[in-house]
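Enquirer: what's the 3D shape of this:
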Amino acid sequence: MGRELPLNRTRNIGIMAHIDAGKTTLTERILYYTGKTYKLGEVHEGTAEMDWMAQEKERGITITAAATTTMWKNTRINIIDTPGHVDFTMEVERSLRVLDSAIAVFDGVAGVEPQSETVWRQADRYHIPRICFVNKMDRVGADFERCLAMIRDKLFARPLALEVPMGAEDRFAGVVDLVRMKSIVWTDQAGEHFEEKEIPPEYADIAAGYRERLIDALSEGNDEIMEAFIEGAELDESLVRKAIRELTLSLDFFPVFCGSALKNRGVQPLLDAIVDYLPSPRDIKPVEGHNPKKLEQVELREASDKEPFSALVFKIMSDPYVGRLSYMRVYSGHIRTGDAALNVTDGRKERIGRILRMHANDREEVSEVYTGDIVALVGLKSARTGDTLCDEKSPILLEKMEFPEPVISIAIEPRSKADQDKMNAALHRLEDEDPTFRVKVDEDTGQNLISGMGELHLEIIIDRLTNEFNVSANIGKPQVAYKETITRRVEMENRYERQIGAKNQFGHVVLVLEPAKPASGILFENRLQAGVIPEAFVPVIESGVRDAMEAGVLAGYRMVDVKVALVGSSYNEADSVDVAYRIAATVAVKDGARKAEPTLLEPIMKLEVVVPEEYMGDIINDINSRRGKIDGIGMQGQLRVIDAHVPLSEVFGYATGMRSLSQGRASHTLQFSHYDQVPRSITETIVARLTGRLY
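Expert: Numbering: from 1, shown residues only. Alright, predicted model coming up:
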């Protein structure tokens, strides 16, 4: 069996946006018009194919990135529909890591919203070409031109309108195709049939203006179009498409389309654009990795079936029917069921059992996969998110995926002894699936603590524990994941001398502790001159420093943003041992931290509230009372948009308070921004509450 389609007929795309912009609805339409499904699924009715989890159907939101494969114009399109809620932004991150391109969906009324900015920046980080789709053009307040301006101003990107809507709100009739200068009007309710006509006279001037802007923009990056433009010659359609494709792949421009996914308008031209303008695996740079034995040696793998096999595991899932699924993207080569692959990350061999091409939670079994494919493997024992699988004769280690630290924790305990083992097994399965979810046991209280990216994230985890794994548990109140740091420079010496048994143990260090830049973690520097102590003791001292940082001196939270320099030490040939230097370093850091004016750091959330003007004063007063800082106030149609930063500890259950202040008319989004120092008076209260002692 060989490859069904040439590699240049493959597209790997993600669909990304702010919550409620219409990603899943758009994906459902794509599946319907490409013949993958035979009924239009609706998010609000709980019938969307891609929102298959019970929690997704119940809430009408996407929680987990769902993968599917479909065909359009002899091109295989692998699609990942990603979540829009900020608590699940890691699902977007790991999906974009393995995709070649994306469709950014924008609400035609709201334009660029906070999570739109977040996912756009994530795509920027991976240099992913994008097409923009301005959705909900049939809604009251929809404004295509304003959306283009917001893409320019908020995302610092250059939108390239390839369509312009004919009318808006209840007068939205269709679109003008600016490449062919034709109007497209859908003629049936399901949106399957449409007519191409001449542009109606009332839209001729608008279309001509947009067409001129399109050609003007293309001429900047294409000499042939520039010449034709200067000479006033008629432009060949294939030349225009070629120029759009080149400028899209180079990220100079982002083509913009429009429509209404819910009303089944505008999807087929978008599908054509995926085929015409977005890259195949052949169009992107060869994937870069490292030789696992010589990490400084860079290895490149071309996107070709003839290259040695290499793939990245980007997602682990528990399927109730087939067990543990490992989703992977194949970057080079091919592999069959029964073949062996090396998991470079942990050095183990894995036998490839079943290979499944996924459609949300349905599956189609295949016997072989090729470069560019996105599939799920059944039965991998050791693979985790971010692991590299490859041909053992040609090993390569692909870049690992970075995951943010959780910002919120809650205590959880089983209701009965019978639930204990079941709960532990379920929590570790969920931790295996989700790299932003952590489970640990509090050393002081013996309680199980589960940590995640927000209240909704943990709510979904608890929901899954109850309904999917049948675990009954008692839940504590949410707790903030504080961190500790120091605020001034200190020098600390510690000499460790003990006699254990008949053996003397000696270790001696002099350390300088000083504050480091925010988000820099723990920095260690060896400033000793060569020969002061044997080189082998330096990593041991660093381990002691890092051990000490795991539990701070104020309330036992992890210490961060501290720079530690080893500036002095001594050596006793008879008695110096590893463990003594490690203990000396740990004690020196603890003692030094106490003298360096330690303080707590707390997670700060970026808050955006959209509210009618008459309630704005009450909302601002409430934000101020929560120790929030107002960053700016803007307009969104007739509504006011308040941007602020607020400590996470002050916004638990914020939705309820905001609704009561605005009679239910305000909406908000919260996302993690950064860590900042807690004011001294509040630090005293927190330390006293947590430790029972004064600050």
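Enquirer: In this protein, which helix is the longest?
Expert: Using DSSP state H to define each element, the chain has its longest helix at helix 201-221.
Enquirer: which residues touch it?
Expert: Applying CB atoms under 8 Å, 6 or more residues apart in numbering, the contact partners of helix 201-221 are 158, 160-162, 164, 166, 176, 178-179, 181, 183, 199, 225-226, 229, 235, 240, 243-244, 246-247, 250, 252-253. All C-beta spots, glycine's among them, are computed from the backbone N, C-alpha and C.
Enquirer: Check the gap between the residue nearest the centre of the chain and Leu427 for me.
Expert: Nearest to the geometric centre of the chain sits Glu93, at 2.6 Å (CA atoms, centre = their mean). Relative to Leu427, Glu93 is positioned 22 Å away (CB to CB, to the nearest Å).
Enquirer: Kindly report the same for Thr337.
Expert: Distance of Thr337 to Leu427, computed by CB to CB: 32 Å.
Enquirer: who has more neighbours, the two?
Expert: Using other CB atoms under 10 Å, the more surrounded residue of Thr337 and Leu427 is Leu427, with 21 against 16.
Enquirer: in what helix or strand does the more buried one lie?
Expert: Leu427 belongs to helix 417-433 when assigned by DSSP states H and E.
Enquirer: Show me what that helix is in contact with.
Expert: 315-318, 324, 384, 412, 414, 437-439, 448, 450, 461, 464-465, 468-473.
Enquirer: looking at it, Glu484 is touching Glu597, isn't it?
Expert: No - between Glu484 and Glu597 there is no contact under CB atoms under 8 Å: 11.4 Å.
Enquirer: same for the helix or strand where the residue nearest to the centre of the chain lies, what does it pack against?
Expert: Assessed by DSSP H and E, Glu93 sits inside helix 89-98. Using 3 or more CB pairs under 8 Å, 6 or more residues apart in numbering; DSSP states H and E, the elements in contact with helix 89-98 are strand 10-17, helix 114-125, strand 310-319.
Enquirer: If we use 10 Å, what do you get?
Expert: Under the contact definition 3 or more CB pairs under 10 Å, 6 or more residues apart in numbering; DSSP states H and E, helix 89-98 sits against strand 10-17, strand 66-72, strand 75-81, strand 101-107, helix 114-125, strand 310-319, strand 323-332.
Enquirer: Now mean neighbour count too, for those, in TSV please.
Expert: TSV is the format used below for these (neighbours: other CB atoms under 10 Å):
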stretch	mean neighbour count
strand 10-17	26
strand 66-72	21
strand 75-81	24
strand 101-107	26
helix 114-125	20
strand 310-319	22
strand 323-332	23
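Enquirer: picking that back up, show me what contacts the residue nearest to the centre of the chain?
Expert: Glu93 makes contacts with 65, 82, 118-119, 122-123, 125-126, 314, 401-404, 435-436, as judged by CB atoms under 10 Å, 6 or more residues apart in numbering.
Enquirer: I'd like the distance between it and Ile128.
Expert: Shown here: Glu93 relative to Ile128, a distance of 12 Å by CB to CB.
Enquirer: May I ask which helix or strand encompasses the nearest residue to Pro404 once chain neighbours are set aside?
Expert: Leaving out its chain neighbours, the residue that sits closest to Pro404 by CB to CB, 6 or more residues apart in numbering is Thr436, at 6.4 Å. Under DSSP H and E, no helix or strand contains Thr436.
Enquirer: Near Thr436, how many other residues are there?
Expert: Taking other CB under 10 Å as the neighbour definition, Thr436 ends up with a count of 22.
Enquirer: Quick check, pLDDT for it.
Expert: Residue-level confidence at Thr436 comes out at 82, pLDDT.
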